[in-house]
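Curious how this folds, go ahead:
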Amino acid sequence: LGIDDTFIIIGAYFQQDPGLPAEVKVGRTMSAAGASITVTSLTDVIAFAVGTWTDLPALRDFSIYALVGLLFVYILQCTLFVAFLSMDARREERH
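Take a look at the predicted model:
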């Protein structure tokens, strides 16, 4: 849950033309991978949101924590991870 988004982003990045500028490569990467990671994260969030309606307190609490965790992982994948990927792409350009 969440780490698969990293593999999807990296896979889309390596499919880009190496001759493109870093900004274009990262933009096209997120254009290609964005829908995929959004759909997988959304289905995970929905599954755990359904789990919050249970009468079992332990399962409900687990679902709430997992739901919040998934939301944070999605946000960090789309912001922080992409920022580091962009920095690495610029490093590749220089060398």
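
where does Trp53 land in three-state SS?
coil (DSSP: H, G, I helix; E, B strand; the rest coil).

Now do it against Val26, distance only.
Using CB to CB, to the nearest Å, Trp53 is found at 39 Å from Val26. For glycine as for every other residue, the C-beta is placed from the backbone atoms N, C-alpha and C.

Repeat that for Val45.
Val45 is 25 Å from Val26, by CB to CB.

Show me which of the two is the more surrounded one.
Neighbour count, other CB atoms under 10 Å: between Val45 and Val26, Val26 has more, with 23 against 17.

Test for you: state the pLDDT assigned to that one.
Looking at Val26, its pLDDT stands at 96.

just checking, it touches Leu85?
Yes: with contacts counted by CB atoms under 8 Å, Val26 reaches Leu85, the gap being 6.1 Å.

quick one: the helices in this protein?
With DSSP state H as the criterion, the chain has helices at 3-14, 22-51, 57-76, 82-94.

Show me what the first one is packed against.
Spelled out, that is helix 3-14. Counting by 3 or more CB pairs under 8 Å, 6 or more residues apart in numbering; DSSP states H and E, the packing neighbours recorded for helix 3-14 are helix 22-51, helix 82-94.

mind redoing it with 7 Å?
Secondary-structure packing of helix 3-14 (3 or more CB pairs under 7 Å, 6 or more residues apart in numbering; DSSP states H and E): helix 22-51.

Tell me which residue lies farthest from the centre of the chain.
Residue farthest from the centre of the chain, counting by CA atoms, centre = their mean, is Asp55 at 31.0 Å.

Let me see the contact set for that one.
Listed by CB atoms under 7 Å, 6 or more residues apart in numbering, Asp55 has no contact partners.
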